[in-house]
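Engineer: what shape does this take:
(one chain, ligands or ions: 1)
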Amino acid sequence: MEDEISSFFESSPPLKNMKETTENLNQFIELNSSGFSGGRRIVCVTSGGTTVPLEQRCVRYIDNFSSGNRGAASTENFVKAGYAVIFLYRRGTCQPYCRSLPDDPFLECFEFTDKTNIQVHKSHLEAVKMAVMDQQAAVAEGRLLKLPFSTIYEYLQMLRLIATALKDVGPCSMFYLAAAVSDFYVPWESMTEHKIESGSGPLDIRLAQVPKMLSILRSNWAQKAFCISFKLETDSKILIEKATKALRKYKVHAVVANELSTRKEEVVVVSSSGNVVVRRECDKPESIVEDNLIRLIVDRHSTYIKEYHS
Ligand code: 9Z3
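Structural biologist: Alright, predicted model coming up:
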């Protein structure tokens, strides 16, 4: 397994903004773990789906479904709970504090009062005000660092970078892995450079298995961090069994199991202390499942830190 993982990284195209990303990351972690900020807990929230390019100069790719809503909503709740959040997200997916804005906020929220004055439409005023104020406050207080990815290559290299940078934060750090990560990919060296020709009939592609990074995250990159992974299924009959298997195999602290069609209504937190069903409060229209989910995860993290120090 270790060999597969090293060869995955050795053959990956290097990250473009590696130096700048590492600097921003280290600065963010230093600020939040110093006495100046009171030593905050730091969580890395991953969000959105990874792409698998089919060509090195990519025109076509395979994608994993995820709107990024779970990651964005969870980030807002972690910030509210006092955490600093590294939001590792798929470019173009849902962003924290923007969930109640329309699909095309720029075109739908603004209106011209005359040719030189633009203002927010009355019906969107509250949503825009909250989005801008909350996001600016989180960034100004140094509680939110956003890092984008698109491909499986970028995602896994960034995850390794973050895990390594968080090593000294130990049990006060958390990984909350809500991103939908590809299980299969085309190895970079076996990928054609140019756009695949479409004139020569059906296309056969052989996909290799993406090495399971969760094991190495737990056993090597971030041994002391609290680690929550997600399990997504479309068949509810196998969901809990699969989540339980993942809990044992990867030795994470909990697996959040969700079924695609009901994922906004309920999730099941599977851990060694039993399974807990977490639901959205149906009688409150504003309520989202992440309100209760993050409360539970934060509680579990507190217990983990206490037990670690005793
Ligand atoms: C999830 O299960 C997330 O909860 C969703 C959130 C992607 C369903 P949305 O972004 O949806 O709000 O639209 N994420 C993990 C999915 C995943 O790929 N898990 C792998 C698996 O199930 C393990 S890493 O095998």
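
Engineer: just the pLDDT for the spatially most central residue of the chain.
Structural biologist: Residue closest to the mean C-alpha point of the chain, counted by CA atoms, centre = their mean, is residue 46 at 1.2 Å. pLDDT recorded at residue 46 is 98.

Engineer: what residues are up against it?
Structural biologist: For residue 46, the contact set (CB atoms under 8 Å, 6 or more residues apart in numbering) comprises 71, 88-89, 155, 159, 175-179. For every residue, glycine as well, the C-beta is placed using N, CA and C.

Engineer: helix/strand/coil for it?
Structural biologist: Secondary structure assignment for residue 46 (DSSP: H, G, I helix; E, B strand; the rest coil): strand.

Engineer: from residue 147, how far out is it?
Structural biologist: Going from residue 46 to residue 147 by CB to CB, to the nearest Å gives 10 Å.

Engineer: what's across from the residue nearest to the centre of the chain in the sheet?
Structural biologist: Beta-bridge partners for residue 46, by DSSP bridges, are residue 88, residue 177.

Engineer: would you mind listing what in the stretch 151-300 of the chain touches the ligand?
Structural biologist: Contacts of the stretch 151-300 of the chain with the ligand, taken as CB under 6 Å from any ligand atom, map to 177-178, 180-181, 229-232, 258, 263.

Engineer: which members of these are the farthest-apart pair?
Structural biologist: 181 and 263 (16.1 Å; CB to CB).

Engineer: these two: who's more crowded?
Structural biologist: Legend: neighbour count by other CB atoms under 10 Å for residue 181 and residue 263, higher for residue 181 (21 against 17).

Engineer: need phi/psi at the residue nearest to the more buried one when sequence neighbours are not counted.
Structural biologist: Using CB to CB, 6 or more residues apart in numbering and skipping the chain neighbours, the partner closest in space to residue 181 is residue 50 (5.3 Å). Residue 50 adopts backbone torsions of phi -90, psi 150, taken as degrees, to the nearest 10.

Engineer: tell me where the stretch 151-300 of the chain has strands.
Structural biologist: Ranges of strands in the stretch 151-300 of the chain, per DSSP state E, counting those that start in this stretch, are 173-177, 184-185, 208-209, 226-233, 254-259, 266-271, 274-279.
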